[in-house]
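[1] Provide a 3D model corresponding to the input given below.
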Amino acid sequence: MMYATRAALQAFRPTIRMMRPVPKEEQSAHTISQRLRRLKSIPPELIPLGVVVGFAVLAAGYSSIRHFFVDKTIRLKRQNRAAESHAPSGEHH
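    Just a heads-up that it's a prediction; the model follows:
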């Protein structure tokens, strides 16, 4: 039978800091300028990651939207619903 070690028990016990209520300042509504000031708390080493992920999201969105508008063979809506619902399977009018 295995018993939990003291380190394992302490690792899974909620810390005192986590059990304290959230300070009021965190719960209050923030203005845009307050939110922009909080961006300074982002570690500088994460900024290149944010730039790369942001660029990837923008590129994917641009590519998808462009594909929907440029590719005329893509079907965005189901077509000929009446014939599909009345025709037996495998036979279309």
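[2] quick one: contacts of the top helix by length along the chain?
    Using DSSP state H, we find that the single longest helix of the chain is helix 47-70. Helix 47-70 has contacts (Cβ atoms under 8 Å, 6 or more residues apart in numbering) with 42, 74, 76. Every residue, glycine included, has its C-beta placed from N, CA and C.
[3] from these, which single one is nearest residue 5?
    residue 42 (36.1 Å; Cβ to Cβ).
[4] how close does residue 73 sit to residue 67?
    Using Cβ to Cβ, to the nearest Å, residue 73 is found at 11 Å from residue 67.
[5] which stretches of this structure have low pLDDT?
    1-4, 6-29, 81-93 (pLDDT under 70).
[6] let's see 90
    The chain contains residues with pLDDT under 90 at 1-44, 68-93.
[7] could the contacts of helix 47-70 be laid out in CSV, adding secondary structure and distance to residue 34?
    Output for these, formatted as CSV (DSSP: H, G, I helix; E, B strand; the rest coil; distance: Cβ to Cβ, whole Å):
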residue, secondary structure, distance to residue 34
42, coil, 15
74, coil, 44
76, coil, 42
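[8] have a look at residue 73 and residue 67 and say which one is more surrounded.
    Using other Cβ atoms under 10 Å, the more surrounded residue of residue 73 and residue 67 is residue 67, with 10 against 4.
[9] ok so, going back, in TSV, list the contacts of helix 47-70 along with neighbour count.
    Formatted as TSV, those follow (neighbours: other Cβ atoms under 10 Å):
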residue	neighbour count
42	10
74	9
76	7
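[10] from those, pick the one nearest residue 33.
    Using Cβ to Cβ, these come closest to residue 33 at residue 42, 16.4 Å.
[11] which residue packs closest to residue 76, ignoring adjacent ones?
    Of all residues not flanking residue 76 in the chain, residue 68 sits nearest, at 6.8 Å (Cβ to Cβ, 6 or more residues apart in numbering).
[12] what's the burial count for that neighbour?
    Residue 68 sits with 10 neighbouring residues when counted by other Cβ under 10 Å.
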